[in-house]
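Peer 1: quick one, fold the following:
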Amino acid sequence: MAKVGFIGLGNMGGGMARNILKAGHELKVFDLNAQVVADIKGQGATAASSAVDAVTGVDVVITMLPAGKHVKSVYLGPDGLIAAAVKGTIMIDCSTIDVESAREVVTAATEAGMKMVDAPVSGGVAAAAAGSLTFMVGGTEDAFSGAKTYLDAMGANIIHAGKAGSGQAAKICNNMMLGIQMISVAEAFILAEKLGLEADKLFDISSKASGQCWSLTSYCPVPGPVPTSPANNDYKAGFAAAMMLKDLRLSQEAAQSAGAHTPLGAMSRDLYEKFTDMSADDMDFSGIINMLRK
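Peer 2: I've put the predicted structure just below:
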């Protein structure tokens, strides 16, 4: 078993770190929130005094941070993780960030003798706790091979997307589809209501017809058809609207940089901006149906 340093114990990171413990690895953790550190320490982890301390004496570093600026700040520079870690350390960044920042950090780590991948996740808080996440991984074959054991401990689907940054590219494209699809599903249920068609009936038909998609069958935005969807729990966040907005913004920044025309992605970003402006940033992203109703 390996010694693993884990930095970032938020809604997703906390569940992921616990699965590293369950796999039998020795875990050292750091987060600015002392309470989440204390919680996982009570389950067998060791508390690090800083991010740099979390990489001291470990074989593997896993990070789950809010944005590209945080990833660069933590990894780069004379006081960063790359400078503090021993050569050969496996580094896995599971944050969802822009492609260029991911490539910059992976390049710096590789040049310093580390094995690093960008490995953003899909699946939400429940999948993080259950260890059933999907990881989209960018990096060399060697780095991917080194990281896979630890990704397997946290996820059910580990996919090597290609070179550094490819994991972020896949995540951005995937979540742009997700945001667009959730709005389309929500609009369809609103129209069904207006036409006098029961939600259960629309679900039974569309889940077996050409309207079928994950936003419908796994995350239905109306209460009833999918008992485990946030719609049945007052839209308590499994995947917060603020995080969806972040990913849609990243998709549009990437589209502009690449010269890609994504009008539905842009419209979805604008709608989620309106949704979060209504103090709904801590609500599940499927709750956008309530804004669209109005």
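Peer 1: just the buried residues of stretch 171-188, please?
Peer 2: For stretch 171-188, a neighbour-count test (16 or more other Cβ atoms under 10 Å) marks 171-183, 185-186, 188 as buried. (Each C-beta comes from the backbone N, C-alpha and C, glycine too.)
Peer 1: so what are the domain limits for this structure?
Peer 2: Domain assignment of the chain by automatic domain parsing yields the ranges 3-164, 169-293.
Peer 1: next up, the contacts around the nearest residue to Ile289 once chain neighbours are set aside.
Peer 2: Spatial nearest neighbour of Ile289, excluding adjacent residues (Cβ to Cβ, 6 or more residues apart in numbering): Ala186 at 3.8 Å. By Cβ atoms under 8 Å, 6 or more residues apart in numbering, the contact set of Ala186 is Pro221, Ser286, Ile288, Ile289, Leu292.
Peer 1: and the spatially most central residue of the chain, bridged to which residues?
Peer 2: Centroid-nearest residue in the chain, with Cα atoms, centre = their mean: Val121, separated by 4.2 Å. For Val121, the beta-bridge partners under DSSP bridges are Phe135.
Peer 1: state the distance from Thr124 to Ala67.
Peer 2: Check again: residue 124 is Gly, not Thr. 19 Å (Cβ to Cβ, to the nearest Å).
Peer 1: what about those two, which has more around it?
Peer 2: Set side by side, Gly124 and Ala67 show more neighbours around Gly124, with 24 against 15, by other Cβ atoms under 10 Å.
Peer 1: and the helices in the stretch 151-294 of the chain, which stretches?
Peer 2: Counting by DSSP state H, counting those that start in this stretch, one finds helices in the stretch 151-294 of the chain at the ranges 166-195, 199-206, 214-217, 241-258, 263-275, 288-293.
Peer 1: look up how far Leu202 lies from the residue located most distally from the centre of the chain.
Peer 2: The outermost residue of the chain, judged against the average C-alpha position, is Gly196 (37.1 Å), by Cα atoms, centre = their mean. Distance of Gly196 to Leu202, computed by Cβ to Cβ: 11 Å.
Peer 1: with Pro225 instead?
Peer 2: 8 Å.
Peer 1: looking at this structure, which helix or strand is least sure?
Peer 2: Using mean pLDDT, DSSP states H and E, helix 124-130 stands out as the lowest-scoring helix or strand of the chain, at a mean of 90.
Peer 1: helices or strands up against it?
Peer 2: With contacts defined as 3 or more Cβ pairs under 8 Å, 6 or more residues apart in numbering; DSSP states H and E, helix 124-130 has these neighbours: helix 11-22.
Peer 1: just give me how far the helix it packs on sits from the chain centre.
Peer 2: 13 Å (Cα atoms, centre = their mean, to the nearest Å).
Peer 1: okay, that helix in PDB with CA atoms only?
Peer 2: The C-alpha trace of helix 11-22 is given here as PDB (Å, rounded to 0.1, in the frame of the first residue of the first chain):
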ATOM      1  CA  ASN A  11     -18.100  17.900  -1.200                       C
ATOM      2  CA  MET A  12     -16.300  15.700  -3.800                       C
ATOM      3  CA  GLY A  13     -12.800  15.500  -2.400                       C
ATOM      4  CA  GLY A  14     -14.000  14.300   1.000                       C
ATOM      5  CA  GLY A  15     -15.700  11.200  -0.400                       C
ATOM      6  CA  MET A  16     -12.800  10.500  -2.800                       C
ATOM      7  CA  ALA A  17     -10.200  10.700   0.100                       C
ATOM      8  CA  ARG A  18     -12.300   8.300   2.200                       C
ATOM      9  CA  ASN A  19     -12.200   5.700  -0.600                       C
ATOM     10  CA  ILE A  20      -8.400   6.000  -0.700                       C
ATOM     11  CA  LEU A  21      -8.500   5.100   3.000                       C
ATOM     12  CA  LYS A  22     -10.900   2.200   2.300                       C
END
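Peer 1: going forward, count from 244.
Peer 2: Yep, numbering from 244; the last one is helix 254-265 now.
Peer 1: between it and helix 484-501, how many degrees?
Peer 2: 100 degrees (axes from the mean of the first three to the mean of the last three Cα atoms, to 10 degrees).
Peer 1: done for today, thanks.
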